[in-house]
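S.K.: Below are the sequence and a predicted model; questions follow.
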Amino acid sequence: MSKPVIKFCLNGRWIEETAVTSDMTVLRYLRTQQILAGTKEGCGSGDCGACSVLLGERIADDTANESSEGQWHYQAINGCITFIAQLDGKSLITVDALATKGSAKDKEGDQLHPAQQAMVDYHGSQCGFCTPGIVMSLAALHENQRINKNSEPADHHQIIDALSGNLCRCTGYRPIIEAAENMNNYHNNSVDVGQVGIWQPAMNHDASADTKSGLIHTASKIDIESQSWSPKTEDELKVLLAQHPQARMVAGATDIALEVTQMNRRIPQLIAINDIASLKTIVIEDESIMIGAGVTYSQMEATLNEHFPEFGQLLHRFASRQVRNNGTMGGNVANASPIGDTPPVLLALGACIELASAEGSRWLALHDFFLDYKKTQQKPGEYLRMIRIPRLQANQVLKVYKISKRLEDDISAVLAAFKFTLEGKVGAQTVTAVTSGFGGMAGIPKAAMHLEQTLLNQQVSMAAFEQAAQVLEQDFNPMSDVRATSAYRMQVAQNLIQKCAFELSNPNAVTRIESLDKSELSLSEVNAEVANHA
């Protein structure tokens, strides 16, 4: 059984926390317990990126042997919405440790990381408050290019993606992007002999010889009832849940942490499941794809892009890179938010989920899982283990639409997803089967049953789909809130149904702003295309 002890490497030092507060965030821990003030607090909700840090995990490679511990790989995450319990067995690097310090006699030995030096030389910082987070995002990009791309310079798209979760209010982003484009012009201090302990910490420390190994024990003064665990196996998780059925589970924490940072709630018992290997697997089967509840969005991107391109495209509009590096689809489903982006798509695809506990496991169709706002079929002691997604057949098409105030990194006002089974050639196709999923239209992610029945056996045409869209009022009575009014949501959802008909009838037409940069059409040609089909 795993003990409520969190052991992780912080800037090259192994730390063992024996009594850390269960709901203490990484940001709060760094600033108040470790007095590392380089990491800043901006929004406290994972939106601005000022608190970005690098989280490393050991990844075994093909050349690893029994004596090899694998390579440490780092990704940028938001410290404000990550709990300390999620760090067990991992390595954390903050902006305070990026620079190499020379000896007291040799000040010329001081060297900034390429991300830092480039930001200085290309004037990428003004007030400096957001700069530490930007530097950490660029450092993650630089290190991953070094390890995975043989130090090949990142292209413009990769740079924008890396910076998507960092906001700067002082100036435009041009000098920051220029800094990113020129990081490779600097000597990389992270590969220097003597500095690899920060980036590639050794795991063979002797816990019984703390003074030699550098292991540091700390114990915070906290409420004795505050406990957190980080089990390594599902068997350990099942025992913990049987003993503490009311404990909150966390994988990415990108939503549950907001209860602490935004609502000032306490979470007395927390179980971090992000280090259970069996929950972090993706299995490609003949008829379906199995995605573990602990797989992050960044880890599943390639799979979704290959098998469900529209689903993969949605991820580019799903929060920031930092959030996608930590957040999981399993958490998005279990959270049961009516505005979660992935549940509507999974509903349209006919996904099933596996719920497990010490008493066994059971499979449940996703459309049976959601009961009411934030209420599901999940029982105390159960956890979401796996998501099974049926693969698309040759005559099936998936369409996914997200409407939000900002193109990227924003919560949906309406999300609509449709899976069509079609017969016939383009221009004369008939809908032989259809399933749907909507977000933002009800208290739960929900299918539009009346709409599906109306579209069944209809020919794909603007007239047929426009008529079917009117039936949507029988399926939903959306609420009004700060994101959209009820009338707006209904009108948008009905318009998306008509847009779907247009795209099915004109598969080569450019209809989405996300696709413009991939299109070979000029702006005038795009306008002409729109006019022709108006």
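M.R.: In hand now; what should we look at?

S.K.: And this protein, what are its domain boundaries?
M.R.: Following automatic domain parsing, one finds the domains of the chain at 6-218, 227-277, 280-517.

S.K.: Take these and lay them out in JSON lines including mean neighbour count.
M.R.: C-beta coordinates here come from the backbone N, C-alpha and C atoms, glycine included. Below are the domains of the chain laid out as JSON lines (neighbours: other C-beta atoms under 10 Å):
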{"stretch": "domain 6-218", "mean neighbour count": "18"}
{"stretch": "domain 227-277", "mean neighbour count": "19"}
{"stretch": "domain 280-517", "mean neighbour count": "19"}
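
S.K.: so residue 199 sits right up against residue 147, yeah?
M.R.: No: using C-beta atoms under 8 Å, residue 199 is not in contact with residue 147; the gap is 9.7 Å.

S.K.: Next, show the common contact partners of those two.
M.R.: The contact sets of residue 199 and residue 147 do not overlap (C-beta atoms under 8 Å, 6 or more residues apart in numbering).

S.K.: Alpha carbons only: can I get stretch 118-128 in CSV?
M.R.: Output of stretch 118-128 as CSV, limited to C-alpha atoms (Å, rounded to 0.1, in the frame of the first residue of the first chain):
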residue,chain,number,x,y,z
ALA,A,118,17.0,35.0,-26.2
MET,A,119,14.2,36.8,-24.2
VAL,A,120,16.9,39.3,-23.0
ASP,A,121,18.5,39.8,-26.4
TYR,A,122,15.3,40.2,-28.3
HIS,A,123,13.6,42.4,-25.7
GLY,A,124,10.8,39.9,-25.0
SER,A,125,10.1,41.3,-21.5
GLN,A,126,8.7,44.5,-20.2
CYS,A,127,7.2,44.5,-16.7
GLY,A,128,8.5,41.0,-16.3
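
S.K.: sorry, back to before: make TSV out of the domains of the chain and add mean pLDDT.
M.R.: Output for the domains of the chain, formatted as TSV (pLDDT from 0 to 100):
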stretch	mean pLDDT
domain 6-218	85
domain 227-277	94
domain 280-517	95
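
S.K.: Wait, a helix at residue 21?
M.R.: No: assigned with DSSP: H, G, I helix; E, B strand; the rest coil, residue 21 falls outside any helix and is coil.

S.K.: Which strand or helix spans residue 138?
M.R.: Per DSSP states H and E, residue 138 falls inside helix 131-148.

S.K.: Give me the distance from that helix to the chain's centre.
M.R.: In terms of C-alpha atoms, centre = their mean, to the nearest Å, the gap separating the centre of helix 131-148 from the centre of its chain is 17 Å.

S.K.: Counting by contacts, list what it packs against.
M.R.: Judged by 3 or more C-beta pairs under 8 Å, 6 or more residues apart in numbering; DSSP states H and E, helix 131-148 is in contact with strand 52-59, strand 71-78, helix 114-121, helix 156-162, helix 174-181.

S.K.: Go again with 10 Å.
M.R.: strand 52-59, strand 71-78, strand 91-93, helix 114-121, helix 156-162, helix 174-181, helix 321-326 (3 or more C-beta pairs under 10 Å, 6 or more residues apart in numbering; DSSP states H and E).

S.K.: Let's have those in JSON lines, adding distance to residue 360.
M.R.: What follows is the helices and strands packed on helix 131-148, written out as JSON lines (distance: least, C-beta to C-beta, whole Å):
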{"stretch": "strand 52-59", "distance to residue 360": "30"}
{"stretch": "strand 71-78", "distance to residue 360": "34"}
{"stretch": "strand 91-93", "distance to residue 360": "36"}
{"stretch": "helix 114-121", "distance to residue 360": "49"}
{"stretch": "helix 156-162", "distance to residue 360": "41"}
{"stretch": "helix 174-181", "distance to residue 360": "50"}
{"stretch": "helix 321-326", "distance to residue 360": "30"}
